[in-house]
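Q: got a predicted model here, sequence first, then my questions.
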Amino acid sequence: MKKSIKGIIAVLMAIVITAACFAGCSKNDGDSNETDGKNVKFAIVVQTGANGAFVDMKDGIIAKLQSSGYENAQFDYKDAQGDPSALSTICSSLDDGSYEAIFTIGTACTQAMVNLQSETPCFFCAVSAPVEAKVITDMATPDKNATGTSNAIPVSEIIEMGYSITPDVTKWGFVYSTSQVNAVNTVESAQKYLDSKGVKYESATVETSADVKSATETLIGNGCDVIFVPNDAIVQDGVASLAQVCEEAKIPTYCSSATTVNSGCLATLAIDDKGIGEKTADKFLAYIDNGKDITKVPSEVVGIDECTFNSKVAASLDINEPTQDKIGYPINAVNPQ
């Protein structure tokens, strides 16, 4: 009888041990799923996918996360196609608690997401003036459950680059939309710099991309012999017509992004768009490393990588390609078709 009881106890202990092993395996499998992202969802929101820079930033975010343990995560990409109403609807639909994080590209969609006061953390990419746009209060200790990267536009350096390439320009023209906070900040900074140099300028504002051509023609008609295009999604949509008008009038055009150079402007001092996306993903990884305390993940201003120069436009304007010694940054000469 005693042998029988001992046998039963032995069997029960074996069952307990086996169950514990299965439980441990199950827990390990769960940890593995979390590590490779099988149970994780991310959302990425852009104001308009027509902006090639935004697409490159999105690709940078995804590439960095996939190479950092989230190769099997779900990435939901949302494009508002330039419609503010659609943007508001998209952001509201994402605030359901199912996402590990929401990445917003550009100022408008970051504002829309932060204004929801969501419990899901927001990681913004390429917001040129985060504090002024009121998506955070302080770059060093982010609040509002948001942090990310800023592509603050080096307007004074771009203007000086313009004088290095086309030294004879005398009056600057600015085309921008007052609905674009980032563009307003950039133009105001440029105007302040020109004021300090005693240089003339004139501005023309637009409401839609269809207004860009006529606004440009007005500036040229009023004596502007150089045009500056800020980081403005609305103007970017109509920049091809701006570039055509300027090329026909033999007017050089400078801008705030490499994408705009590829669209027909002459040159800029630019960030690597995919690279700033990767740096934004790094903010999420730091957030995880810091126990999901977003206040410990400072926002970052991403610096200039290169001078992007449109060789095709330069040839039509009889302008020589600058050297790195002259500009102070590597020259990336592009020749878009």
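A: Received it, and whenever you're ready, just let me know what you need. Residues are numbered from 1 along each chain as shown.

Q: helices along this structure, start to end?
A: 2-35, 52-66, 84-94, 107-114, 155-165, 181-197, 212-221, 233-237, 239-248, 258-262, 273-289, 311-316, 324-327 (DSSP state H).

Q: which one of those helices lies nearest to residue 148?
A: helix 273-289 (5.4 Å; CB to CB). Just so you know, the C-beta spots here come from the backbone N, C-alpha and C atoms, and that holds for glycine as well.

Q: now the angle from the closest one to helix 52-66?
A: 40 degrees (axes from the mean of the first three to the mean of the last three CA atoms, to 10 degrees).

Q: which helices and strands does helix 273-289 pack with?
A: If contacts are counted by 3 or more CB pairs under 8 Å, 6 or more residues apart in numbering; DSSP states H and E, helix 273-289 sits against helix 52-66, strand 101-105, strand 122-125, strand 146-150.

Q: how about the ones you listed in TSV, adding mean pLDDT and distance to residue 285?
A: Formatted as TSV, the helices and strands packed on helix 273-289 follow (pLDDT from 0 to 100; distance: least, CB to CB, whole Å):
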stretch	mean pLDDT	distance to residue 285
helix 52-66	93	8
strand 101-105	97	10
strand 122-125	98	10
strand 146-150	97	12
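
Q: of the helices of the chain, which approaches residue 46 most closely?
A: Here helix 52-66 is closest among the helices of the chain (CB to CB), at 4.5 Å.

Q: which residues are contacting that closest one?
A: For helix 52-66, the external contacting residues (CB atoms under 8 Å, 6 or more residues apart in numbering) are 37, 42, 44, 46-49, 73, 75, 77, 103, 105-106, 125-126, 257-259, 262, 273-282, 284-285.

Q: mind redoing it with 6 Å?
A: Contacts to helix 52-66, defined as CB atoms under 6 Å, 6 or more residues apart in numbering, come from residues 44, 46, 49, 75, 103, 105, 125-126, 257, 259, 273-274, 276-278, 280-281.

Q: repeat that for stretch 183-201.
A: Against stretch 183-201 from outside (CB under 6 Å, 6+ apart): 129, 132, 153, 155-156, 171-172, 174, 176, 230-232.

Q: what about 8 Å?
A: 128-129, 132, 153, 155-156, 159, 170-174, 176-178, 203, 224, 228, 230-232, 235, 256.

Q: among the residues you listed, name the ones in strands.
A: 171-174, 176, 203, 228 (DSSP state E).

Q: which of those has the most neighbours?
A: residue 228 (28 neighbours; other CB atoms under 10 Å).

Q: bridging residues for that residue?
A: Residue 228 forms beta bridges with residue 174, residue 254, as assigned by DSSP bridges.

Q: tell me the contacts of it?
A: Counting by CB under 8 Å, 6+ apart, residue 228 has contacts 158-159, 162, 172-175, 187, 190, 253-255.

Q: try 10 Å
A: Each residue near residue 228 by CB atoms under 10 Å, 6 or more residues apart in numbering is listed here: 155, 158-159, 162, 172-176, 186-187, 190-191, 194, 201, 203, 252-256, 265, 268.

Q: what residue ranges in this protein are flagged as low confidence?
A: Along the chain, the parts satisfying pLDDT under 70 run over 1-38, 50.

Q: nearest the geometric middle of it, what residue?
A: residue 126 (3.1 Å; CA atoms, centre = their mean).

Q: what distance do you get for residue 99 to residue 44?
A: As judged by CB to CB, to the nearest Å, residue 99 and residue 44 stand 10 Å apart.

Q: compare those two (neighbour count), which wins?
A: residue 44 (27 against 18).

Q: list the contacts for residue 131?
A: Counting by CB under 10 Å, 6+ apart, residue 131 has contacts 137-139, 150, 299.

Q: one step back: most widely separated two among the ones in strands among the contacts of stretch 183-201?
A: 171 and 176 (16.6 Å).
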